[in-house]
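J.: Need coordinates for the following:
(4 chains)
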4 protein chains.
Amino acid sequence: MSLATPPGDPGFRSLDELEEIAAGRLPAPIWAYVQGGAGEERTLRANRSAFARATVRPRVLRGVGEIDLRVRLLDSPCAAPLFVCPTAYQAKIHPDAESGVARAAATEGVVTVVSTLSSHSIETIAAAAGAGSRWFQLYPQPDRAVERRLLDRAEAAGYSALVVTVDTPVLGVRDRQARGGFAIDGSVPIGNGSDVVPPSRGPILDGVTYRLRPDAGATWELVDRLREQTRLPIVVKGILTPEDARECVDHGAKAIIVSNHGGRQLDGAPATLDVLPDLVAAVGGHAEVYLDGGVRRGTDVIVALARGAKAVGIGRPILWALAAGGEPGVRQYLAMLKLEVVVAMALLGRRSVAELDRTVVGDRSEPPI
Amino acid sequence: MSLATPPGDPGFRSLDELEEIAAGRLPAPIWAYVQGGAGEERTLRANRSAFARATVRPRVLRGVGEIDLRVRLLDSPCAAPLFVCPTAYQAKIHPDAESGVARAAATEGVVTVVSTLSSHSIETIAAAAGAGSRWFQLYPQPDRAVERRLLDRAEAAGYSALVVTVDTPVLGVRDRQARGGFAIDGSVPIGNGSDVVPPSRGPILDGVTYRLRPDAGATWELVDRLREQTRLPIVVKGILTPEDARECVDHGAKAIIVSNHGGRQLDGAPATLDVLPDLVAAVGGHAEVYLDGGVRRGTDVIVALARGAKAVGIGRPILWALAAGGEPGVRQYLAMLKLEVVVAMALLGRRSVAELDRTVVGDRSEPPI
Amino acid sequence: MSLATPPGDPGFRSLDELEEIAAGRLPAPIWAYVQGGAGEERTLRANRSAFARATVRPRVLRGVGEIDLRVRLLDSPCAAPLFVCPTAYQAKIHPDAESGVARAAATEGVVTVVSTLSSHSIETIAAAAGAGSRWFQLYPQPDRAVERRLLDRAEAAGYSALVVTVDTPVLGVRDRQARGGFAIDGSVPIGNGSDVVPPSRGPILDGVTYRLRPDAGATWELVDRLREQTRLPIVVKGILTPEDARECVDHGAKAIIVSNHGGRQLDGAPATLDVLPDLVAAVGGHAEVYLDGGVRRGTDVIVALARGAKAVGIGRPILWALAAGGEPGVRQYLAMLKLEVVVAMALLGRRSVAELDRTVVGDRSEPPI
Amino acid sequence: MSLATPPGDPGFRSLDELEEIAAGRLPAPIWAYVQGGAGEERTLRANRSAFARATVRPRVLRGVGEIDLRVRLLDSPCAAPLFVCPTAYQAKIHPDAESGVARAAATEGVVTVVSTLSSHSIETIAAAAGAGSRWFQLYPQPDRAVERRLLDRAEAAGYSALVVTVDTPVLGVRDRQARGGFAIDGSVPIGNGSDVVPPSRGPILDGVTYRLRPDAGATWELVDRLREQTRLPIVVKGILTPEDARECVDHGAKAIIVSNHGGRQLDGAPATLDVLPDLVAAVGGHAEVYLDGGVRRGTDVIVALARGAKAVGIGRPILWALAAGGEPGVRQYLAMLKLEVVVAMALLGRRSVAELDRTVVGDRSEPPI
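T.: Predicted coordinates:
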């Protein structure tokens, strides 16, 4: 009857408890960085409230003795339709950092996506992941030689997809982070070298017209160029409109991630779950569609899949789990989340991911309570 | 002018006061068990907010000198369109337990539904109920001999219907209960014997595929089998979709209970009141339709009946009343609830349950305030 | 620039402040009686939130140098489209009681409606009102001789309309009042004699069927009978459905009051403002339509009139003002309210009550904020 | 990477922090004046919640290396589509008062609108503004000679437009201000002379009919008269309906300001953003349309422009910034706001104001969270 827990159980019994433990472990500026969003954090809250408005339709007596979570993402097998979102500077959270996360993800059979701005290096994380799937997330670099070198290293280290983040030509206005005193300084290790630069804070004031840093000038040509530079399938991260989803297809992306950067870039951007169906329709099956933003519980995973996502990414909870318990914490959270998905599928009367179609979710959408 | 109250008045003057008294009487882990729901408790709250959004249409000067609450449920007379929901382990709440509840229900003329997981035995509770109507709730048992023995005992002890709960192939994820430290251990008596097992906590992790306990494999064949094994009318509890409501009819159920297990199983499941009309339509008069989940006040009872339920079940308030005052507490709550129904009918200008049709409820549905 | 205030200014500068002062003056049980509603007070809140959702459409540069609030109600001139709602037991609030309220209303030129259950007698209040308009509110009395005597006294004392309350065959379930310890006992003077009885608390439990007190049996024949017994125009108070509004017209009522008894009778009844337009349409000009419930501010008055009411009644704020300052308090509140109506009309670009048509209110109805 | 800040940085890192600093600097009555609105402040909140419900549609990879905020307002070049709203009595906030605001606005290249009721004189403020654009706001004066003299002074001092406020025939009912003890007395300097009078508090009670002060009698003839009296383009401020917007065009206004006076006049008036599109349609390109009310963040500016405004006015934040840091505070706020607009445009993939069309905003409008 008791649920098997991984060794070194970090001791949380629910997601709420995990978040509280993490809040108690991290210094206030780091916590502000982890939790904060852009502006008044409307988009941050909207990501959650979109899931809170969704209803699901339990079916009964459908023989749910075996539940199968397995999917194929970009033609590779995964234990569940989940991936770990790329997040920067994880050594600020726990010394296990990206390597610990990668080991935990590998153990649980899910993809980990490694940030350009990781604290550990591409190669260190790859070694930790072992046989586990890892994808490399790229912030377009002003210096193309740097960009090229990153691609080469990722390929050499066995990363199997390139995730290009396109929603950050400049950094969003992050009030909580600014007030909380979070700063990127010498104490934040950049695993991939000091020539790798974070996205621009933005405009330099120069009179009437504001000039952004050159990398803000990127166009869809970027995707074409990357496609020529790497044999890895390209995933475009940060898409919120059908128009841009079609651009991704037209430029040869193999997948898109419907994302508003966890509500950290443009306050007022829609909840990812709200726009998902239109984007799935726009893509028309020509690319895989993933989603991140506000995914916390097993039911959230199922709702996103029922509305057309092929997999979902997990962001902040991974950082909470890393803060609370390092690698074992992340493993426990991922196991708990997979278990929640299994329980929800059993209660919905669905035995495999393929059965998670539109009939799983209600058309009734209540206001958040 | 003063309202006659039962002897041994437990001293609450309103439902809110009752809930407060109960909260003060029970240890925190038990209270977490009583009050908690699944996950973030969205469904738990939705059950209530659906009633809070409903409006009723008072009619005046219609001669309401006599109000008649009587109904027939499964062809037996009842004093009111109410039943006591099955809930487990009541000895944790008050020594009167299921026997006290059964006596109170009998006194007030309403059906009591006795859980498989009752603290007192089937026979003890039946003796307490005396001439009062009781139905037996069955969790499908992995061991068919156990299941068979339970049915035989229930029939022998004068239970007049079999309520099969189908929404619990595995237990839901109950965060509040987990954090509150509620545990089923040796201190919880199982009146029906130690070979009766509670619903599985769920999956055993075994690599890529998760195998649930065998009883999770039940299909609609279960209902056919039970129909052959007992002469009692079968009520299927835990239906939330029109598709499953039709299955119940097709498999010979005499009644269904629209229920999300009091919000304790799958967070995100819809409020029972919200789905009720579609399920009533799906059943098309071929079975009786009952509802539980969030029913607290006289007006709630009326709203559910006006939307097509033939009776409603009361869950948590019975436990509050049991905690606050044992059998007399339950009797007072049931009397108070019936009185509220009578008052509401008088103010609505309706004299009998048959007059509670769709014109009683408004089509205006406001957001919860 | 300073606004002239009546002598003996009770010292409140806003409605909120008035409510706070009153709360501080009255013992808790009386305050619970004044403020409380039925059940969970959903209807009580809905009355306010309906006004809070309404928007108005300011027009500019329309020459608002003179604003005229005068109307004719039941063919008599009034200084403003306002009346004081009948409320019981006002001596519990302030020794000025109904007489002070009547004097204040007369000074401000608005109708006062006097309750059957007034603390002062019909005749005393009439003497206080002097030339001011007063209407008599009747609770149907089980003893027809008592009813007859009340009618005769009201006619003799110069009351010019009979307001029959039809929404109280039994008293509603008033949780706040019950918990607050409010009780009608010997300390509450009934100005019209001890044979005048308050509405029944309701059912006496007598087994399966509940018998209400005889006056709960009233039908529309009551209105016919009263019409024969008095030459006063009959106003039916407590109408919430178009069906009943048509009944009023059919039975010869000269006016109806759309009212849910200030949210004190049936929790779940709709906000009066929400149902007003349908009732105005149902009446079709054959009777005047008034509204009470939640009217607090000048804009509320205007919104109700723009949606078809000919006048609105003020309930709780009169009691607050009476508690805060006796007769001068009521006078100040009424003057403040009239001033708010004038200011709102000026800002809406409307010069007379006749200009308050449907174009005054927006069709946009936002959620309460 | 670090953002250049003006010398004398008042030290706020976000809008919230600015508001908190201002609240701490000002005496309570002044703060009540700054923050308060009419009545229950529904309109005040609605202004904000309308922006909070809006969503925007980020586009990616569109080459946003240069962002151009420049616009022409009334045929004059401006650095950004922003203006400073006219507000009275700024010497109560900070000794820099309107002159400091004008200098800051000039530095940042945005128009400042100077109130009739400024603390500094028309001429002093003009001298401070230097080459910066300033418009003069006129409250219609009961004494036409005073009105004429104000126009002449404004023209002579280089003001380039006349903004006529038409929503204040009487002052609104401002509860917070009244309770907060804010009073206009000798301590409030009126820079333009003691014969300039603030808008009337309103009606003098004189029996049945209330006579407002003569200036409340203004009609559309006012606009015609002003057009003859000045060569300045006329902007009509305080329009909320399409009918009045058309009147403005018919009477030769060059622009309108969709405004509810910051929620200070008629509680219940709609949010300006909600009515904007209908007013833009009514004007049909025959005048420029501006908006104020609730604009706080860069995204708010963009949403208003995408819905058809040509520029937006900033009210309370200017007063916060003035309180927090005098002229440098205002400069910092304006720079911060412009930067937020630039960042938002970059994240929306729009390079110039002309690209801010209807496709920028979503048609999905969520409830405020």
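
J.: lowest-confidence helix or strand of chain A?
T.: strand A:209-211 (a mean of 59; mean pLDDT, DSSP states H and E).

J.: The following helix or strand past it - what's its average pLDDT?
T.: Counting by DSSP states H and E, the element after strand A:209-211 in chain order, helix or strand, is helix A:221-229. Averaged over helix A:221-229, pLDDT sits at 97.

J.: so what secondary structure elements neighbour helix A:221-229?
T.: helix A:144-156, strand A:162-165, strand A:234-239 (3 or more CB pairs under 8 Å, 6 or more residues apart in numbering or on different chains; DSSP states H and E). All C-beta spots, glycine's among them, are computed from the backbone N, C-alpha and C.

J.: Out of those, which one sits most buried?
T.: Of all the helices and strands packed on helix A:221-229, strand A:234-239 has the most neighbours on average by mean count of other CB atoms under 10 Å in any protein chain shown, namely a mean of 27.

J.: now the angle from that strand to helix A:221-229?
T.: 160 degrees (axes from the mean of the first three to the mean of the last three CA atoms, to 10 degrees).

J.: Any chance you could list what contacts strand A:234-239?
T.: Here strand A:234-239 makes contact (CB atoms under 8 Å, 6 or more residues apart in numbering or on different chains) with A:74, A:135, A:137, A:161-168, A:223, A:226-227, A:245, A:248, A:252-261, A:265, A:279, A:290, D:58, D:60.

J.: Cross those against strands and list the overlap.
T.: A:135, A:137, A:162-165, A:255-258, A:290 (DSSP state E).

J.: Distance of whatever residue of the stretch 101-250 of chain A ends up closest to chain D relative to residue C:121?
T.: In the stretch 101-250 of chain A, the residue that lies nearest chain D is residue A:217 (3.3 Å; CB to the nearest CB). Per CB to CB, to the nearest Å, residue A:217 is found 87 Å from residue C:121.

J.: returning to that earlier point: I'd like the helices and strands packed on helix A:221-229 laid out as TSV, including distance to residue C:101.
T.: Output for those, formatted as TSV (distance: least, CB to CB, whole Å):
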stretch	distance to residue C:101
helix A:144-156	81
strand A:162-165	70
strand A:234-239	66
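
J.: JSON lines please, covering these and showing mean pLDDT.
T.: Shown next, in JSON lines, are the helices and strands packed on helix A:221-229 (pLDDT from 0 to 100):
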{"stretch": "helix A:144-156", "mean pLDDT": "95"}
{"stretch": "strand A:162-165", "mean pLDDT": "98"}
{"stretch": "strand A:234-239", "mean pLDDT": "98"}
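
J.: right, so of these, which gets closest to residue B:101?
T.: Smallest distance to residue B:101 across those (CB to CB): 56.2 Å, for strand A:234-239.

J.: Of the helices and strands packed on helix A:221-229, give the one that comes closest to residue A:97.
T.: helix A:144-156 (17.6 Å).

J.: Which elements pack onto the closest one?
T.: Applying 3+ CB pairs under 8 Å, 6+ apart, we find helix A:144-156 packed against helix A:122-129, strand A:134-138, helix A:221-229.

J.: now, of the ones you listed, which is deepest in the fold?
T.: Taking mean count of other CB under 10 Å, strand A:134-138 is the most buried of those, at a mean of 25.

J.: packing partners for that strand?
T.: strand A:111-114, helix A:122-129, helix A:144-156, strand A:162-165.

J.: and of those, who's closest to residue B:354?
T.: That would be strand A:111-114 among the helices and strands packed on strand A:134-138, by CB to CB, at 60.5 Å.

J.: Could you give me the buried positions within that closest one?
T.: Buried residues in strand A:111-114, counted by 16 or more other CB atoms under 10 Å in any protein chain shown: A:111-114.

J.: touching chain B at all, that strand?
T.: No. Using CB under 8 Å from any CB of the partner chain, strand A:111-114 stays clear of chain B, coming no nearer than 14.9 Å.

J.: Please state the backbone phi and psi of the residue nearest the centre of chain A?
T.: Central residue of chain A (CA atoms, centre = their mean): residue A:85, 2.6 Å from the mean position. Reported as degrees, to the nearest 10, the phi and psi values for residue A:85 are phi -70, psi 150.

J.: My understanding was that it contacts residue A:312; is that so?
T.: No. Between residue A:85 and residue A:312 there is no contact under CB atoms under 8 Å: 9.4 Å.

J.: Can you work out which residues contact both of those two?
T.: residue A:292.

J.: Close to chain B: what parts of the stretch 101-250 of chain A are there?
T.: Counting by CB under 8 Å from any CB, the residues of the stretch 101-250 of chain A that sit close to chain B are residue A:109.

J.: And the residue of the stretch 101-250 of chain A that's closest to chain C?
T.: residue A:175 (22.4 Å).

J.: what residues are up against that residue?
T.: So residue A:175 contacts A:36, A:38-41, D:13-16 (CB under 8 Å, 6+ apart).
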